[in-house]
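# coordinates only, sequence not included:
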């Protein structure tokens, strides 16, 4: 009977909900809810939907029912004060509730019953549902309000439903069975549904049931309210009348908080304030304070410079801007007007890079001159200059630039020196790498890359003899001894000693006996890898070498052969790096030795000091000077050249010139410093060769740019005077082949003549 | 052992300070720092080694002298700026709370800084100040011509206008103007004040607007300083000239657009007498004689000076004032020789600038309405001329167009032949000279009255040249071409019919040759002949002159040889120098190259101009011929 009634009331309520929410609806609903709640539980077994479930599982049903009942009962027992009256109370209460359903009330109404025990009337309050969410109305309301057919069987609770996304079911029903995911149509079905079903727009997807469910009228109402920015709860009244609890008529606080008497200061004026005010009043009366007195103003301008000038000196004035030139005139001479290209160029350049900040323009009359559009910018630029630009005071150089060129004696006064090419001896088709002039200055040997060595005469260039060797000729060098006459030709791993033809008999015999003595000197104790092989003096001709020195195998082509001044020692530098590179050979003992066990860097050149037992070794970056007698390093010269290509020592032995591939020539004063005394850079390509004249104060340098530069180089005996270096002449006449120019220059010992060998295959003699 | 040296404790690291360090040290904002720098004239320095000055960092920063910054730290203006910051906060709070009365009293006691001490510091002597007013004048004249905007207050523009007028008045009064240049940027004026040349640029009268890429705040800060500086400088200048400093302004006239004429100069003595009635009076023979009377007597004695009402004074000004002004030591007027009636004398024309400062005294000008009144009023009155203008150019013209005394009309209109000219107008046309404005300026720059002929209305003006000149060795458009013969040669080639100039030169050449005997002349021709054709011509000439061929050939050969030798010698010398350059040190070589570079650039510039000139001349000739 209760259930049917409840159903009725529920239906009625739904109808009611459709009508606009009344102010009284809220408490009414609450009341209703509470009742329906505790009855819903009861009604659980009788409800239509629950019935269906019960049908499915009859055996569980009873149990669950009894359980439910038991639960209810136990809860009731716990909660209620009097457990014995429980059943009666319920019944009575229910009837009471039903009658009072429509009443407006806030609290559950107590009911007066006659106690069975005492016989006295007592107040009995309705049972309070002690469920977890007994005081929460909304959830259960929604649950209750949904129609029974849509009551979800899914009992997974409020969990994120995406946990079931990958599973075929969406949860479990009350009996622990899987609730399967209902089939959902594809997008097309959905779309069709939306079209066919007129109510589809009021449905929403229920995640728990995995299906679309129509929204209830209340839910729609909530949505509408949210859209219209109203309070979503229809029953909430934001303008409830205030209930005065503590203030208002009849509730005033009559007793004071503290019993202390009112202090005097509350009603007596302050004495100290009065004194202060009176002080001001007195001051005003006496005229000491003048209210709203105009401030004493200093005159705006006054003779600031009339008193004595201060000791401060004026800061340097800002530089004045440039004064305008003719080009700036409104009517300049026509030649100042820019041409079309000039105008274009001016317009194309950046504003900062322009030489002039304006383009000259010509106007026929003053009235046609427009405003200058850059005027304010230029003023502003000037001001930026004034306060942002660093200022430096510089002394303006008022010198003639030509006065910077050093004054040197004229070359005319320093004659003789080679001026012109007097003759030219061609080597066919091969670069001439090396030349040597005989000590008497009459003969020249030149060796080319084809292995041809030619002997010719300086004055007329007549060739006397030619030899052909296998491979390139690395170096040729005449022995500097005057009493004998022969030269050395360095080819791959060999040094050939050759006696020129047509020698006077005395010289010839002396030479032969020197190079191929009848009694060989004793072999040194330690065997040397260098082998000396000579043919017998009688059998020797000028066609073949009289003596051959076999350098150690795979030592490469000797790049350089240098004789000691006395003609007994000669040194060779081979292409190979490391120990085997430098050899010193002694003719008289027919012995060779490598002076250096280990050399830092690859040796480029070596040189004997002309007077002292010193030995210069040039690596790629440094020149080291050794004392051969004491076998120690004397000094290391640092030319700062990368890399050294050539080197020569002055006949006095105190000066050294070093040429480099980086176009520099360094002059070292050996007495002075390890650093160059002078660095000259005048060639446009790498230097190839430098040479001091043995007797004249001249030196020459040749370069890959095909030119030879002649210098006058006078050195003085006194240490105070710097050497005088005067450029004399640039000799041009060699062609540049494959980037190579003049490969070697050598002076004739007795004349100011120069012999030069070029990469173009020519050997030239330059005469004064 | 001495004390260990620590890094960053001495030298450049200590002497320089980066800008951000400076701002931190002064505890002010960057804007305040900028303001201080502008006002105090502190500018960044370039340390010799940036790395050493900046703790080894080579980041691009600007450096200041640490001493400069230390000196700024004690600046009263900085203190005021800090006070102002506090004030601004208080004021904004008061305004935000709506406490209007406290805001008002705050506003009344607003901290205001003065720049007097800065002026005195930056310019310890008056001459220093005068030397540095160029930029100030430029700015004042610029802002006087700007429209007032939200950023540029109208009072500021007004003050600038007033200062500009005061300066012009002073220059006019002392006849200090020396040079004028009408450029495309504006008008450059150069005056000589206290023996210092002051140059300033005034834009043409057009409304200009401050472009967006210009920071107005910087300009306004500068202007603040410049206004104060000019105020003090003008005060001193005016008082030294015996004038009252802020010259009283006639508001009515100013409203009517009288410009400079709205101010009238007031002698300092009269102002003193008006302020305190204390005229120096001496009793002589029972007659009271005031200084005024004395001056009048003196004037009547040296009456040779004509009654040229001083142009500086408006005509309606009282005469005594005029006298006062004349009594101020003023060589040009007190000297009777310098009377303006005589400037046409050669002696006067030869006199330097002082003579030409009254250049326009004998003339009366009328300004046509299309010419700029402020420019020409200033110019003409500075040089002693009288000037009138139509009412459309502003009020205050001392005479109208029908005045008989007008000698020149400055007109900038093309000449239009009007048939219906009235008789009176024709008469005027005959009597007056209608000249273009450039004549006035060119006269001043030349220091003498030029012929009006090339400047008459409707004529094509001769070029207007800068009176400030160019650097030494630059192209000079006034002298013809340096290689005149080159032009002549070209002319010969073209076989142009000899025009006037050519004929003239021919005559010159002949007269030159006539001095020699004909034979010698022929031989000389042989010597000077350069190419084959010339040689042949010389040969013919020699034959005509009766020189036998042998002598001629000999002479020619000799000349040729000499020439060759000379050329050879020159080439040798060049080659020698070229080789000697090898022996220069690197530093010297670089310096040399730089100098040579600039030299080459200058020559190229000159040659470019010369070539253009030749081309233009040729073009002109061709046009004349065709």
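Received it, and whenever you're ready, just let me know what you need. Note that this is a predicted model, so its numbers are computed, not measured.
# spell out which parts of the stretch 201-350 of chain A neighbour chain B.
Counting by C-beta under 8 Å from any C-beta of the partner chain, the residues of the stretch 201-350 of chain A close to chain B are A:298, A:300-305, A:309-310, A:312-315, A:317-318, A:320-321, A:323-326, A:328-336, A:339. Just so you know, the C-beta spots here come from the backbone N, C-alpha and C atoms, and that holds for glycine as well.
# any weak-confidence spans in the stretch 101-250 of chain A?
Low-confidence segments of the stretch 101-250 of chain A (pLDDT under 70): A:101-108, A:128-152.
# residue ranges for the helices of it, please.
Taking DSSP state H, counting those that start in this stretch as the criterion, the stretch 101-250 of chain A carries its helices at A:138-145, A:187-196, A:217-227.
# need those in TSV with distance to residue A:556, can you?
Below are those laid out as TSV (distance: least, C-beta to C-beta, whole Å):
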stretch	distance to residue A:556
helix A:138-145	103
helix A:187-196	87
helix A:217-227	98
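# and chain B, what are its domains?
Domain assignment for chain B by automatic domain parsing gives B:12-74, B:116-262, B:353-468, B:484-625.
# between these, which gets the lowest average pLDDT?
Out of those, domain B:484-625 stands lowest, with a mean of 72 (criterion: mean pLDDT).
# who's in contact with residue A:707?
Counting by C-beta atoms under 8 Å, 6 or more residues apart in numbering or on different chains, residue A:707 makes contact with A:683, A:730, A:731, A:732, A:734, A:741, A:742.
# so which of those is the most crowded?
With neighbours taken as other C-beta atoms under 10 Å in any protein chain shown, the top of the contacts of residue A:707 is residue A:742, carrying 31 neighbours.
# check which helix or strand residue B:536 maps to.
Using DSSP states H and E, residue B:536 sits in helix B:532-545.
# residue of the stretch 301-450 of chain B nearest chain A, please.
residue B:412 (4.4 Å; C-beta to the nearest C-beta).
# spatially, what comes nearest to that residue if we skip its sequence neighbours?
residue A:367 (4.4 Å; C-beta to C-beta, 6 or more residues apart in numbering or on different chains).
# quick one: residue A:406 from residue B:588, how far?
Going from residue A:406 to residue B:588 by C-beta to C-beta, to the nearest Å gives 8 Å.
# my bad, residue B:157
From residue B:157 over to residue B:588 the distance is 56 Å, taken as C-beta to C-beta.
# equivalent analysis for residue A:116, please.
133 Å.
# who's more crowded, the two?
Just comparing residue A:116 and residue B:588: by other C-beta under 10 Å the higher neighbour count belongs to residue B:588, 15 against 11.
# next up, the contacts around the more buried one.
Counted by C-beta under 8 Å, 6+ apart, residue B:588 has contacts residue A:404.
# of the helices of the stretch 101-250 of chain A, which is nearest residue A:723?
In terms of C-beta to C-beta, the element of these nearest to residue A:723 is helix A:187-196, at 102.0 Å.
# which secondary structure elements does the closest one sit against?
Judged by 3 or more C-beta pairs under 8 Å, 6 or more residues apart in numbering or on different chains; DSSP states H and E, helix A:187-196 is in contact with no other helix or strand.
# if we can go back for a sec, between the domains of chain B, which gets nearest to residue A:371?
It's domain B:116-262; of these, that one is closest to residue A:371 (C-beta to C-beta) at 3.5 Å.
# end to end, how far does that closest one reach?
Here the two ends of domain B:116-262 are set 28 Å apart, with distance taken as C-alpha to C-alpha, to the nearest Å.
# can you classify the spatially closest residue to residue A:521 that is not a sequence neighbour by secondary structure?
Leaving aside its sequence neighbours, residue A:521 sits nearest to residue A:589 (C-beta to C-beta, 6+ apart; 5.1 Å). Assigned with DSSP: H, G, I helix; E, B strand; the rest coil, residue A:589 falls in the coil class.
# against chain B, how distant is residue A:589?
46 Å (C-beta to the nearest C-beta, to the nearest Å).
# that residue: how many residues sit nearby?
Neighbour count for residue A:589, taken as other C-beta under 10 Å: 16.
# quick one: the strands in the stretch 451-600 of chain A, in order.
A:452-457, A:463-468, A:473-478, A:487-491, A:494-498, A:531-534, A:547-550, A:558-563, A:569-574, A:582-586, A:591-593 (DSSP state E, counting those that start in this stretch).
# about what we covered before: closest to chain B out of the contacts of residue A:707?
Nearest member of the contacts of residue A:707 to chain B, counting by C-beta to the nearest C-beta, is residue A:730, at 7.2 Å.
# so is the closest one in a helix, a strand, or just coil?
What three-state DSSP gives for residue A:730 is strand.
# quick one, what contacts it?
A:707, A:708, A:709, A:710, B:579.
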